[in-house]
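>>> let's see this in three dimensions:
(2 chains)
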Amino acid sequence: NAGVTQTPKFRILKIGQSMTLQCTQDMNHNYMYWYRQDPGMGLKLIYYSVGAGITDKGEVPNGYNVSRSTTEDFPLRLELAAPSQTSVYFCASSFRAGRSYEQYFGPGTRLTVT
Amino acid sequence: DAKTTQPNSMESNEEEPVHLPCNHSTISGTDYIHWYRQLPSQGPEYVIHGLTSNVNNRMASLAIAEDRKSSTLILHRATLRDAAVYYCILSDSQGGSEKLVFGKGTKLTVNP
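Sure thing, here's the model as predicted:
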């Protein structure tokens, strides 16, 4: 299994541009998550999904959109990029098993908005 | 938002045991205690989790206080590869999503 894969690894955007961060998992996990991590900080949850067709906001959803049309894919869309969205973005997935689940993380996408 | 308290940093020597503490005085009766670590320039990876009893796996041991208000992650023999930021997290099942809330964690330095 490849686990959780993310593309691209790096991206530089100009202010006002849009882009989609891709995330795919091959573990047949129900739950998928998007986090962002600013320098020296912990991760903050942007959006999550509990299954295909179901998404919900996390702690910092403003400026982002998500969709979940398949179990495997959970893309994150940035509309009208702003410098405050400069961060490292991590996608994760988990197979819920009561409360003792484990999240698997991708390698991250480093995004710079200038 | 994080409901745990950890030291900002700790230092250890290679091949010595490391005890990473975590305080979670407001833990609820059904909260699991999770530990993740993040190596430099990588995504977090799962280390261990527990509810009430001490837990062991191939990576580490988790010792949970009897009142569950604190826990300790134990690395039995630190290696240079264990240098990472270690996060102690309580599971948050509000709304049924079981989100993880990451704090700043403890940065572990391992000296050769």
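>>> tell me which residue is most central in chain A.
Centroid-nearest residue in chain A: A:W34, 2.7 Å away (criterion: C-alpha atoms, centre = their mean).
>>> okay, B:S91: pLDDT?
Looking at B:S91, its pLDDT reads 82.
>>> low-confidence bits of chain A, can you list those?
A:97-100 (pLDDT under 70).
>>> ok, which stretches of it are strands?
A:4-7, A:10-13, A:19-25, A:31-37, A:43-51, A:54-57, A:64-66, A:76-78, A:87-94, A:104-105, A:109-113 (DSSP state E).
>>> got a markdown table for those strands, with distance to chain B too?
C-betas here are computed from N, CA, C, even on glycine. As requested, the strands of chain A are exported to a markdown table (distance: least, C-beta to the nearest C-beta, whole Å):
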| stretch | distance to chain B |
| --- | --- |
| strand A:4-7 | 8 |
| strand A:10-13 | 12 |
| strand A:19-25 | 11 |
| strand A:31-37 | 8 |
| strand A:43-51 | 4 |
| strand A:54-57 | 7 |
| strand A:64-66 | 14 |
| strand A:76-78 | 15 |
| strand A:87-94 | 5 |
| strand A:104-105 | 3 |
| strand A:109-113 | 9 |
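>>> could these go into CSV alongside distance to B:T30?
As requested, those are exported to CSV (distance: least, C-beta to C-beta, whole Å):
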stretch, distance to B:T30
strand A:4-7, 27
strand A:10-13, 40
strand A:19-25, 27
strand A:31-37, 18
strand A:43-51, 19
strand A:54-57, 21
strand A:64-66, 28
strand A:76-78, 31
strand A:87-94, 18
strand A:104-105, 23
strand A:109-113, 34
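>>> these: which one's closest to B:I27?
Smallest distance to B:I27 across those (C-beta to C-beta): 19.9 Å, for strand A:43-51.
>>> what angle do that closest one and strand A:31-37 make?
If you take axes from the mean of the first three to the mean of the last three C-alpha atoms, to 10 degrees, strand A:43-51 sits at 160 degrees to strand A:31-37.
>>> elements contacting strand A:43-51?
Judged by 3 or more C-beta pairs under 8 Å, 6 or more residues apart in numbering or on different chains; DSSP states H and E, strand A:43-51 is in contact with strand A:31-37, strand A:54-57, strand A:64-66, strand B:99-100.
>>> before we move on, the earlier item: list the contacts of the residue nearest to the centre of chain A.
Going by C-beta atoms under 8 Å, 6 or more residues apart in numbering or on different chains, A:W34 touches A:21, A:23, A:45-48, A:58, A:64, A:66, A:74, A:76, A:89-92.
>>> name the helices or strands packed onto the helix or strand hosting B:S91?
In this structure, B:S91 sits in strand B:84-92 according to DSSP states H and E. Under the contact definition 3+ C-beta pairs under 8 Å, 6+ apart, strand B:84-92 sits against strand B:18-23, strand B:33-38, strand B:70-75, strand B:99-100, strand B:106-111.
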